[in-house]
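Novice: quick one: sequence and predicted model below, then my questions.
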Amino acid sequence: MIPFLRTILLFVTAFFATFFIGLAVIIAGIFRVKDKPGGIYDKAPRWWSTAVLWAVGIKVRVHGLENAAGDEPRIFASNHVSWFDVPALATTLPRYKFVAKSELFKVPIFGPAMRSAGMIEIQRENRKAAFGSYEVAAERIRAGNSVVVFPEGTRGHAYPLRPFKKGPFVLAIAAGVPIVPIIVHGTIEIMPKGSLWAHPGTIDIHLLEPVSTKSVDYDHREALMQTVRTRMADAMRDLYGVEPLPSASSRLPSTVETLSSEVDPTETR
């Protein structure tokens, strides 16, 4: 009965939180309220996420928050195994914008609110449009925002890290900002992919030591990607005994491919 009741409370809370908070963000966008630190576009995602986590009875424990300290924008690269990864990260990270799949922007109120808050839409089926999405992400970074990406792409069914897409690392090199690897653990037990039942529980978020992109050029994008993935895989192994899945490729490219061909969509779903 507990998962049933928690799930009902989750849907009711999400509905009202989306309606009132989302509407407030949309109105702020209509009146061209400036996106500034501590403003409504920063606070609204935290309010919404706090509400849905409360509804299910979820506690979030954060480790290594000092790795996100300071005003410097950065790219947060996290594993992705559950819908609850997003609200858990949203309540934890400093000033950020999520890169999210385009389908979410079609949801009434929720989608327009995301767009008003400056979240970044990415179209998985269109590489050219995906490349444009990373240009938008770079603009958000230049405006002082950090960007949250899921380099595995879509959600997985288990904790072992899957191969990464290269797009987020091309973005990091172009923006010249550090990458903070993140591992999230505990969300599968709360709501695994494919399930609609929510269970109370605890989510652990580990912010790992940042990986610098200084002096890293486009030709070394894959080496950067492997460095970040290895750091995340080592932490997952050391902390939870989880071994990663084999990487798609460990070779460095012999020729320089075009930037647009390297942009593989990441998504939030």
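Specialist: Structure's in. What do you need? Residues are numbered from 1 along each chain as shown.
Novice: residue 12: what secondary structure?
Specialist: helix (DSSP: H, G, I helix; E, B strand; the rest coil).
Novice: for it, what are its contacts?
Specialist: Residue 12 is in contact with residue 55, counting by Cβ atoms under 8 Å, 6 or more residues apart in numbering. For glycine as for every other residue, the C-beta is placed from the backbone atoms N, C-alpha and C.
Novice: what pLDDT does it get?
Specialist: Residue 12 is assigned a predicted lDDT (pLDDT) of 98.
Novice: how close does it sit to residue 48?
Specialist: 14 Å (Cβ to Cβ, to the nearest Å).
Novice: also residue 9?
Specialist: Distance, residue 9 to residue 48, by Cβ to Cβ: 15 Å.
Novice: can you give me the strands in the stretch 51-200 of the chain?
Specialist: Secondary structure of the stretch 51-200 of the chain by DSSP state E, counting those that start in this stretch: the strands cover 58-63, 75-78, 96-101, 120-122, 146-149, 179-185.
Novice: could you dump those strands into JSON lines with mean neighbour count added?
Specialist: As requested, the strands of the stretch 51-200 of the chain are exported to JSON lines (neighbours: other Cβ atoms under 10 Å):
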{"stretch": "strand 58-63", "mean neighbour count": "16"}
{"stretch": "strand 75-78", "mean neighbour count": "26"}
{"stretch": "strand 96-101", "mean neighbour count": "23"}
{"stretch": "strand 120-122", "mean neighbour count": "23"}
{"stretch": "strand 146-149", "mean neighbour count": "26"}
{"stretch": "strand 179-185", "mean neighbour count": "24"}
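Novice: show me the beta-bridge partners of the residue lying closest to residue 119 once chain neighbours are set aside.
Specialist: With sequence-adjacent residues excluded and distances taken as Cβ to Cβ, 6 or more residues apart in numbering, residue 119 is closest to residue 98, at 5.1 Å. Using DSSP bridges, the bridge partners assigned to residue 98 are residue 148.
Novice: lowest-confidence helix or strand of the chain?
Specialist: helix 259-262 (a mean of 37; mean pLDDT, DSSP states H and E).
Novice: rewinding a little: give me the common contacts of residue 12 and residue 48.
Specialist: Common neighbours of residue 12 and residue 48, counting by Cβ under 8 Å, 6+ apart, are absent.
Novice: rewinding a little: which residues sit in contact with the residue nearest to residue 119?
Specialist: Taking Cβ under 8 Å, 6+ apart as the test, what residue 98 contacts is 86, 90, 114, 119, 120, 147, 148, 268.
Novice: state the distance from it to residue 146.
Specialist: Distance from residue 98 to residue 146, by Cβ to Cβ: 10 Å.
Novice: pLDDT-wise, what's the bottom of the contacts of residue 98?
Specialist: residue 268 (44).
Novice: residue 9 and residue 48: which has the busier surroundings?
Specialist: The neighbour comparison of residue 9 against residue 48 (other Cβ atoms under 10 Å) goes to residue 48, with 24 against 16.
Novice: quick check, that one in contact with residue 16.
Specialist: No - Residue 48 is beyond contact range of residue 16, at 10.3 Å (criterion: Cβ atoms under 8 Å).
Novice: relative to residue 215, how far out is residue 156?
Specialist: Residue 156 is 32 Å from residue 215, where distance means Cβ to Cβ.
Novice: neighbour count for the two, which is higher?
Specialist: Just comparing residue 156 and residue 215: by other Cβ under 10 Å the higher neighbour count belongs to residue 156, 19 against 7.
Novice: surely that one touches residue 193?
Specialist: Yes - contact criterion Cβ under 8 Å: residue 156 and residue 193 qualify, at 7.0 Å.
Novice: shared neighbours of these two, anything?
Specialist: The contact sets of residue 156 and residue 193 overlap at residue 81 (Cβ under 8 Å, 6+ apart).
Novice: is residue 244 located within a helix, as I assumed?
Specialist: No - Residue 244 sits outside any helix when classified using three-state DSSP, being coil.
Novice: touching, it and residue 236? I think so.
Specialist: Yes - counting by Cβ under 8 Å, residue 236 is a contact partner of residue 244 at 6.9 Å.
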